[in-house]
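coordinates only, sequence not included:
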């Protein structure tokens, strides 16, 4: 009887541990994806501004 309770408690603990272990990499992936998108947007804006300046200088 006590062994069944311990087994049920251990199974619940194992589930929490597994889900916490899976949540960390998922969180890291989401944040790294968001940071990569922000950096790409910033780089794209910088390239566009340089291109506009180049075209303005060379067409005027």
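Happy to help now that I have it. Everything numeric here is computed off the predicted structure, so don't read it as measured data.

secondary structure element for residue 42?
Using DSSP states H and E, residue 42 sits within helix 2-59.

Can you list the low-confidence ranges for this structure?
1-18, 60 (pLDDT under 70).

please redo it, this time with the cut-off set to 80
1-23, 60 (pLDDT under 80).

what's around residue 23, how many residues?
Residues near residue 23, counting by other Cβ atoms under 10 Å, number 10. Glycine gets a C-beta too; all of them are placed from N, C-alpha and C.

Give me the distance between it and residue 38.
Separation of residue 23 from residue 38 (Cβ to Cβ, to the nearest Å): 23 Å.

Check residue 30 too.
For residue 30 relative to residue 38 (Cβ to Cβ), the value is 13 Å.

cool, residue 49 as well?
In terms of Cβ to Cβ, residue 49 sits 17 Å off from residue 38.

Likewise for residue 24?
Applying Cβ to Cβ to residue 24 and residue 38 gives a distance of 21 Å.

Check residue 52 too.
Counting by Cβ to Cβ - residue 52 and residue 38 are separated by 21 Å.

Equivalent analysis for residue 47, please.
Residue 47 is 15 Å from residue 38, by Cβ to Cβ.

What is the neighbour count of residue 55?
10.

Over to residue 31?
The number of residues near residue 31, taken as other Cβ under 10 Å, comes to 10.

likewise the one 5 residues further on?
Applying other Cβ under 10 Å, we find 10 other residues in the vicinity of residue 36.

Equivalent analysis for residue 43, please.
10.
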